[in-house]
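J.: I'll drop the sequence and a predicted model, then ask my questions.
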Number of protein chains: 4
Amino acid sequence: MATGKVLETVSADEARRVLDAAAAKAAEIGQPMDIAVVDAGGNLKAHLRMDGANIGSIPISINKAYTAIAFQCETGELQENTRPDGPIYGLNDAHGGRLVVFPGGIPLVRDGKIMGAVGVSTGTIEQDQEVAEAGVAAY
Amino acid sequence: MATGKVLETVSADEARRVLDAAAAKAAEIGQPMDIAVVDAGGNLKAHLRMDGANIGSIPISINKAYTAIAFQCETGELQENTRPDGPIYGLNDAHGGRLVVFPGGIPLVRDGKIMGAVGVSTGTIEQDQEVAEAGVAAY
Amino acid sequence: MATGKVLETVSADEARRVLDAAAAKAAEIGQPMDIAVVDAGGNLKAHLRMDGANIGSIPISINKAYTAIAFQCETGELQENTRPDGPIYGLNDAHGGRLVVFPGGIPLVRDGKIMGAVGVSTGTIEQDQEVAEAGVAAY
Amino acid sequence: MATGKVLETVSADEARRVLDAAAAKAAEIGQPMDIAVVDAGGNLKAHLRMDGANIGSIPISINKAYTAIAFQCETGELQENTRPDGPIYGLNDAHGGRLVVFPGGIPLVRDGKIMGAVGVSTGTIEQDQEVAEAGVAAY
């Protein structure tokens, strides 16, 4: 029988801190958001849909955080390369509908290691990015 | 044991009224349509595939209505922003194949609250939109 | 252009209160849990994976909450009827892999209306149920 | 360019007649239902979720009607053979989660040909079957 627990890379306390900081920023700019935090394996650690945020942004926020883990970068960094004239056009069709290639997903980095990620969705991409950055700042 | 029923946001009578008005407009313009009505949670309340309407438009009509709930807007409002050079290009690849980003899905609004949505498909996007609007007018 | 927001049936504050009460009970009994809260449409409102809880219980907790909405009952009430010799054996194979037919999902009821649901997973079914009940009690 | 329309096997009028008769019977016995009608290809022709019927029964009703087409029989006829000790145990795991192997789905037959099917869900299997039969009787 297996003994031991799966390595935790983001604690529930950290996830809550990131989520609360993001939600505070969202409230400050007056744009309710879906906010998701995933661990280094890309698996959901915490999620909150603020009142007024999009139902459709539940998977978008989770998938933004997943994408930041999956490609070890901010989701916004994938945007130009995946456009129709870009070198990896089609990337987001090649992964079962889980990739988001516009801003709002950012890795959580400690000592040069990506330990998790935050994803934010419902606002404009500038707002999503700003709120995600506020979450990262609290990590 | 749980007692109580899930809150209904669109009644069967309302859904039928929207559906019938949309079907009447579709008949008037001579373009058979798939017509779907969903509730505030994006769950199907009623659907009709008129004679001659597309089989492929069954999910498109349902997904148009879902998208209108999911992003709290008409589906046509997503069209420009999701084009190849738009800020959220790729949105419709990031949600498991349930989003429609062209006209024909419209929220049903009462007292400032979106209570459901109608989705129409088979015709041109102008026809789909016109028929959906006829459905909304009967709500 | 659509004006209005989708009707909220569970507020973020309510979801957090349910989630925190469930997490407190889980901590008390020494069993980390995945905890999910959904609204009346079965859409995710909040989720937390406590440190040590199962990755595999992310969807199970969300699907338990969804199932409580989908069938307007506690998930445990589906258990006997869906067993191999039961009248609706096979129910959980007939819904795309989203139904959970054992304890841990409970509706959130107000004034006779189901407004949302909580789902808990990782422990034994008795523990999952106990933690879900603690969440409901805080609603 | 293709000329012609896909053969219609169930008309919208017929689907509505079946659906209305089923809904009338459901009202008579005091059990709200999800009711679906599909054509000979197993594709949705009409659906209604009565007020108080299950959200989870949307796909179950549609899948019951589909199953009746898919296996050219009433869904109840699959029940004993698919139980753990039956000859086709596992059938409902082998079709992507679209098969229902308990009563409530019945073919619509004309001149010895199955032209469509009706599926009913939310009540007990006896109620689902009774309401489906009322629908068939109006075909």
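T.: Right, received. Where do you want to start?
J.: mind checking the end-to-end distance for stretch A:75-94?
T.: 16 Å (CA to CA, to the nearest Å).
J.: and it, how far from the chain's centre?
T.: 18 Å (CA atoms, centre = their mean, to the nearest Å).
J.: got it, and stretch A:52-65?
T.: With CA atoms, centre = their mean, you get 9 Å for stretch A:52-65.
J.: Could you do stretch A:121-137 as well?
T.: 9 Å.
J.: so how far is residue B:34 from whichever residue of chain A sits closest to chain B?
T.: For chain A and chain B, the shortest gap (CB to the nearest CB) falls at residue A:56, measuring 2.7 Å. C-beta here means a position set from N, CA and C on the backbone, and glycine is covered the same way. Noted for residue A:56: a distance of 21 Å to residue B:34, by CB to CB, to the nearest Å.
J.: And chain B, is stretch A:112-123 touching that?
T.: No. On the criterion CB under 8 Å from any CB of the partner chain, stretch A:112-123 is out of touch with chain B, staying 8.6 Å away.
J.: buried set for that stretch?
T.: Across stretch A:112-123, burial judged by 16 or more other CB atoms under 10 Å in any protein chain shown covers A:115-123.
J.: Flag every residue of chain A that's near chain B.
T.: A:54-57, A:59-60, A:63, A:79, A:82-84, A:92-93, A:96-102, A:124-125.
J.: for chain A, longest strand please?
T.: strand A:113-121 (DSSP state E).
J.: Now chain A against chain D: closest residue?
T.: Counting by CB to the nearest CB, chain A gets nearest chain D through residue A:55, at 14.0 Å.
J.: which SS class is that residue?
T.: Following DSSP: H, G, I helix; E, B strand; the rest coil, residue A:55 is assigned to coil.
J.: ok, residue A:128 - contacts?
T.: A:33, A:64, A:103-104, A:120-122 (CB atoms under 8 Å, 6 or more residues apart in numbering or on different chains).
J.: next one: stretch A:99-114 to chain centre, how far?
T.: The mean C-alpha position of stretch A:99-114 is separated from the chain mean by 7 Å, CA atoms, centre = their mean.
J.: Just the ones of the residues of chain A next to chain B in helices?
T.: A:57, A:59-60, A:63, A:125 (DSSP state H).
J.: Out of those residues, which is nearest to residue C:15?
T.: residue A:57 (15.6 Å; CB to CB).
J.: rewinding a little: buried members of the residues of chain A next to chain B into PyMOL, please.
T.: Of the residues of chain A next to chain B, the buried ones can be selected in PyMOL as follows, counting by 16+ other CB under 10 Å:
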select buried, chain A and resi 54+55+56+57+59+60+63+79+82+83+92+97+98+99+100+101+102+125
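J.: now the strands for chain A?
T.: With DSSP E as the criterion, chain A has strands spanning A:34-39, A:44-49, A:105-110, A:113-121.
J.: Relative to residue D:109, which of those is closest?
T.: Here strand A:44-49 is closest among these (CB to CB), at 47.1 Å.
J.: For that closest one, name the packing helices and strands.
T.: Applying 3 or more CB pairs under 8 Å, 6 or more residues apart in numbering or on different chains; DSSP states H and E, one finds that strand A:44-49 contacts helix A:12-29, strand A:34-39, helix A:57-70, helix C:12-29, strand C:44-49.
J.: The first one near chain C at all?
T.: Yes. Helix A:12-29 reaches chain C (CB under 8 Å from any CB) through A:12, A:15-16.
J.: interface residues of chain A facing chain C?
T.: A:5-6, A:8, A:11-12, A:15-16, A:41, A:43-52, A:55, A:58.
J.: which of those are buried?
T.: Looks like these have A:8, A:12, A:15-16, A:43-50, A:52, A:55, A:58 buried, using 16+ other CB under 10 Å.
J.: in the residues you listed, which two residues are the furthest apart from each other?
T.: Across these (CB to CB), the longest gap, 31.9 Å, separates A:8 and A:52.
J.: need the contact list for the one residue in chain A that gets nearest to chain C.
T.: Taking CB to the nearest CB, chain C has its nearest neighbour within chain A at residue A:47, 4.3 Å off. Residues near residue A:47 by CB under 8 Å, 6+ apart: A:19, A:34-37, A:58, A:61-62, C:44, C:46-47.
J.: Then residue A:108?
T.: Contacts of residue A:108 (CB under 8 Å, 6+ apart): A:10, A:14, A:18, A:37, A:114-118, A:136, A:139.
J.: what do you get if the cut-off is 10 Å, keeping everything else the same?
T.: Contacts for residue A:108 were tallied using CB atoms under 10 Å, 6 or more residues apart in numbering or on different chains; they are A:9-10, A:14-15, A:18, A:37-40, A:65, A:68-69, A:114-118, A:135-136, A:138-139.
J.: for residue A:22, what are its contacts?
T.: By CB under 10 Å, 6+ apart, the neighbours of residue A:22 are A:33, A:35-37, A:48, A:50, A:61, A:118-120, A:128, A:130-138.
J.: Next one: it from residue A:31, what distance?
T.: On the measure of CB to CB, residue A:22 and residue A:31 end up 11 Å apart.
J.: any shared contact partners between those two?
T.: A:50, A:120, A:128, A:130-131.
J.: Including pLDDT, could those residues go into JSON lines?
T.: Listed next are the shared contacts of residue A:22 and residue A:31 as JSON lines, based on pLDDT from 0 to 100:
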{"residue": "A:50", "pLDDT": "98"}
{"residue": "A:120", "pLDDT": "98"}
{"residue": "A:128", "pLDDT": "98"}
{"residue": "A:130", "pLDDT": "98"}
{"residue": "A:131", "pLDDT": "98"}
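J.: now those in JSON lines, with distance to residue B:27?
T.: Formatted as JSON lines, those follow (distance: CB to CB, whole Å):
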{"residue": "A:50", "distance to residue B:27": "43"}
{"residue": "A:120", "distance to residue B:27": "45"}
{"residue": "A:128", "distance to residue B:27": "43"}
{"residue": "A:130", "distance to residue B:27": "49"}
{"residue": "A:131", "distance to residue B:27": "47"}
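J.: Just flag the most distant two among those.
T.: Farthest pair in the shared contacts of residue A:22 and residue A:31, by CB to CB: A:50 and A:130, 14.7 Å.
J.: in chain A, which segments are predicted with low confidence?
T.: Along chain A, segments meeting pLDDT under 70 span A:1-2.
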